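**Q** Only the shape, not the letters, is given here:
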């Protein structure tokens, strides 16, 4: 007897994968009078759905029907390539085994798409406030959390989308509390649903962390996994370390040195902040004082109102594309540091907390020397040029060699110690404080006006080749609101993620209190530094610098921001 044509299942799968979408598979099943839901799981991604479809029709000797229907849908596909000659009437068991083995051997390994670490927040509705706060914290640190109320779109079916989100996640955080553990159905439904899906995947495909929001029992089903007590001292730091380890295993980049900036989220009732023992609210709303630490920080007031943000290339020839278009922005009233945070102020923080900076942990920082930047071992905020340098005589200079994470940690400490809500300024807050002349309704190019900088107004262009004491250039170099050293001296970290298209998206819209993109890779830096040339335009008020949040160098510092207090 002659040879018989057989279908190469692997090649059939490849053709369908190249051309078909999920709706095509549904149509095939409908036309061939097969229930699609019986063949394909709602959680199956397209490559797996195609494999299940082929297996179903092959096991029922209806593969020819599937091929015929697919050929009608995709007539230009190389269908001749799916057929191979083989001896007629091979043993049935051998044929079935060979087909199954071939299909399994060629099942695609779906590569993890690029992007941030994806974390699914499994939780009960009773814990929604705490989980919302956790969602925001994770997002701020470069993690991509998934929360139903944030990520489930109108019109989507949760029974379809939640399984998809679980399967696409790198980590499942199972949030637990006394209420949720005792709640009828939560453990049985949400937790077991997530674990059932995880059980179907390859070992270690999903990383599960039981996360106790408060003291409570662990459900039996979670007994095999080591958990984290978020309510415990340094609990949030432990969670971040676990996520960092998972990211490292997957080759995923997170915001550098997450653990250095971690301060425990309250995850509580949201009670009004009060000073820590030993701290006191200053009688002067423009001062933050901690007498027991010899700490004093001056603020200036920026009133509520609109200002022009960005640049007009017709008026500023040095404007960069990401500063365009110039647009109106409304900001509520706020307070901002009159000076960058000094060495003495940062030292008070370090003494009070024992905090180790990113440079301390990494063992180096970037130093500008000889016309270039070098990573110098032993450089940190106490030794900004390396081990042989120190800050003994620089207590009134801006602190340097601090990362964005270090700046955030300082702000959180000062918030707790003083009872004031201290943060890094947003990019908009920084720019308004630096340039807006309310009386003339004019956005200055430089803090003092539209005349180019010189050695009387700011530290730039390597005129001094180092940082200078804060206030040295006052009042000639001050902004309309009295901010000193806001041009040159050191770059200043802002709260926002950087996005070069941010201003384009605002065009023609009402913009109020913008906080920048919800996620990104780089954090914003403003103001330029002592080493920046005038030709670069970096010391202009509108220039938008950016860098990785973990970068630290002897030209990076920060100033703080706070809401007003009306006595």
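**A** It's in. Note that the structure is predicted; figures quoted are calculated from it, not measured.

**Q** And the residue nearest the centre of this protein?
**A** Per CA atoms, centre = their mean, the C-alpha nearest to the average position across the chain is that of residue 142, at 2.1 Å.

**Q** Quick check: that one touching residue 519?
**A** Yes. Applying CB atoms under 8 Å, one finds residue 142 in contact with residue 519, separated by 6.7 Å. Using the backbone N, CA and C atoms, a C-beta is placed for each residue, glycine as well.

**Q** who touches both of the two?
**A** In the contact map built from CB atoms under 8 Å, 6 or more residues apart in numbering, the residues linked to both residue 142 and residue 519 are residue 116.

**Q** one step back: now do the residue nearest to the centre of the chain against residue 549, distance only.
**A** Between residue 142 and residue 549 the distance, using CB to CB, to the nearest Å, works out to 8 Å.

**Q** Enumerate the positions of whichever strand or helix holds residue 49 that are buried.
**A** Counting by DSSP states H and E, the element that carries residue 49 is helix 46-59. Of the residues in helix 46-59, 46, 48-51, 53-58 count as buried by neighbour count, 16 or more other CB atoms under 10 Å.

**Q** residue ranges with poor pLDDT in the stretch 51-200 of the chain?
**A** In the predicted model, the stretch 51-200 of the chain carries pLDDT under 70 at residues 84-114, 158-159, 183-190, 192-200.

**Q** Now do the helices in the stretch 451-567 of the chain.
**A** Assignment of helices within the stretch 451-567 of the chain using DSSP state H, counting those that start in this stretch yields the ranges 502-506.

**Q** Could you pull out the strands in it for me?
**A** Along the stretch 451-567 of the chain, counting by DSSP state E, counting those that start in this stretch, strands occupy 491-497, 523-526, 545-547, 556-557, 561-562.

**Q** want to throw the ones you listed into TSV with distance to residue 394?
**A** Compiled in TSV, the strands of the stretch 451-567 of the chain are given as follows (distance: least, CB to CB, whole Å):
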stretch	distance to residue 394
strand 491-497	17
strand 523-526	21
strand 545-547	23
strand 556-557	12
strand 561-562	24
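
**Q** I'd like the ones you listed laid out as CSV, including mean pLDDT, mean neighbour count and distance to residue 419.
**A** As requested, the strands of the stretch 451-567 of the chain are arranged in CSV below (pLDDT from 0 to 100; neighbours: other CB atoms under 10 Å; distance: least, CB to CB, whole Å):
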stretch, mean pLDDT, mean neighbour count, distance to residue 419
strand 491-497, 97, 26, 20
strand 523-526, 97, 27, 27
strand 545-547, 93, 20, 32
strand 556-557, 96, 28, 24
strand 561-562, 96, 23, 11
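
**Q** what about residue 513, neighbour count?
**A** Burial of residue 513, expressed as a neighbour count using other CB atoms under 10 Å, amounts to 13.

**Q** One more: residue 155?
**A** Other residues within reach of residue 155 by the criterion other CB under 10 Å amount to 5.

**Q** Quick check: the gap between it and residue 161.
**A** Counting by CB to CB, the gap between residue 155 and residue 161 amounts to 10 Å.

**Q** got any residues that touch both of those two?
**A** Both residue 155 and residue 161 lack any common contacting residue under the criterion CB under 8 Å, 6+ apart.

**Q** any idea how the chain splits into domains?
**A** For the chain, whose domains are defined here by automatic domain parsing, the residue ranges read 4-105, 118-254, 289-562.

**Q** residues in contact with residue 328?
**A** Residue 328 sits in contact with 306-309, 511, where contact means CB under 8 Å, 6+ apart.

**Q** on that earlier part again, between the buried residues of helix 46-59, which is nearest residue 384?
**A** The nearest member of the buried residues of helix 46-59 to residue 384, counting by CB to CB, is residue 46 at 53.9 Å.

**Q** next structured bit after the helix holding residue 49?
**A** Scanning forward in sequence from helix 46-59, with DSSP H and E defining helices and strands, the next element found is helix 63-73.
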